[in-house]
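Participant: Next comes the sequence, and after it the predicted model I'd like to discuss.
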Amino acid sequence: MLAEVGRIGETAGRSLNEVPGDSRWELDNPECEVLFRHALPIEWTRDPFDRLLMAHATLRRWRFATGDRAILERLPADRAMAL
């Protein structure tokens, strides 16, 4: 969907279809119920994708890398990385 709205695209001659097979990435697939439970308390955004992304990062205790100012303003400094 991000490619469809022009938010991401092909870079360095690589197609987005190549990303899942790239050995630098690892698939993390938490159970939907657990992910949704972590997303419910995130009330500062109505965007379901932002909620799910934030829930996933919170669930795994990952730092979240983003250029989205709304997200950066709401995350503690040790949980975010500005791009």
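Facilitator: Cool, got the structure. Residues are numbered from 1 along each chain as shown.
Participant: Just give me the residue right at the centre of the chain.
Facilitator: Geometric centre of the chain, nearest residue: residue 53, 3.7 Å, by Cα atoms, centre = their mean.
Participant: Apart from its chain neighbours, what residue comes closest to that one?
Facilitator: Excluding its sequence neighbours, the residue lying closest to residue 53 (Cβ to Cβ, 6 or more residues apart in numbering) is residue 64, at 7.3 Å. Every residue, glycine included, has its C-beta placed from N, CA and C.
Participant: so that neighbour makes contact with residue 81?
Facilitator: Yes: the criterion here is Cβ atoms under 8 Å, and residue 64 meets it with residue 81 at 7.0 Å.
Participant: More neighbours: which of these two?
Facilitator: residue 64 (16 against 13; other Cβ atoms under 10 Å).
Participant: What distance do you get for the more buried one to residue 80?
Facilitator: 5 Å (Cβ to Cβ, to the nearest Å).
Participant: any common contacting residues for these two?
Facilitator: Here residue 64 and residue 80 have residue 71 as joint contacts, going by Cβ atoms under 8 Å, 6 or more residues apart in numbering.
Participant: tell me the strands in this structure, going along the chain?
Facilitator: For the chain, applying DSSP state E gives strands covering 64-66, 80-82.
Participant: which stretch among those strands comes nearest residue 17?
Facilitator: Comparison of these against residue 17 by Cβ to Cβ identifies strand 64-66 as nearest, at 22.3 Å.
Participant: helices and strands around the closest one, which ones?
Facilitator: Judged by 3 or more Cβ pairs under 8 Å, 6 or more residues apart in numbering; DSSP states H and E, strand 64-66 is in contact with helix 48-60, strand 80-82.
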